[in-house]
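J.: model this:
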Amino acid sequence: MRASKNLAVPNMIMQDQTIFYILSKITRRGHEKVHLRISKEGASYFVGEDREIPQYGYDNGKATITGRKKIFSKTAKLTFVKSRNIWKLYWRRASGLWHLYGEYPTLDEAVQIIDGDPDHCFWG
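T.: Residues are numbered from 1 along each chain as shown. Down below sits the predicted model:
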C-alpha cells in the first residue's frame, strides 16, 4: 500500500506496525503542547517528544529571539536483538550518550517501563 504524498503521516509510519503499537501503549505525554513521537532509525526505535526551542540572533548587539525551531528530544531507545530474541531498552543521559536500562523478553514489557518510568530516566 502506497501512501499519498499529501498525507501528514510519513510512509515509514504507515508501514511499521511496531510504531503504532508503541504509540498505543505509552500514556505519559507530559505537557499538552509537547507531542509524543516515535521514529525508526536503522534497527532501533526512538521514543521522545517534539519540542520547540527558541532561536537567537543579534539585534544592535543584543541577543534576541528570532524564531522557534522544532527538535526531536529522544528519551528512550528500543532495539530488538534477533539472535537472543530480546528487546534492549536504553535511556539517554544528559551527556547525550545512550546507556542500557535493561533487557526484556517482550516489547510490551519494555514499553511498560518507558510508560511507567519508575526511575525517572525517560520523562524526568
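
J.: so who does residue 18 touch?
T.: 40, 45, 107 (C-beta atoms under 8 Å, 6 or more residues apart in numbering). In this view, the C-beta of every residue, glycine as well, is placed from N, C-alpha and C.

J.: Please report how far it lies from residue 79.
T.: When C-beta to C-beta, to the nearest Å is the yardstick, residue 18 and residue 79 sit 12 Å from each other.

J.: so what sits against both of those two?
T.: Taking C-beta under 8 Å, 6+ apart as the contact criterion, the residues that touch both residue 18 and residue 79 are residue 45.

J.: so who does the nearest residue to residue 93 once chain neighbours are set aside touch?
T.: Once flanking residues are discounted, residue 93 sits nearest to residue 99: 5.9 Å by C-beta to C-beta, 6 or more residues apart in numbering. Applying C-beta under 8 Å, 6+ apart to residue 99 gives the contacts 90-93.
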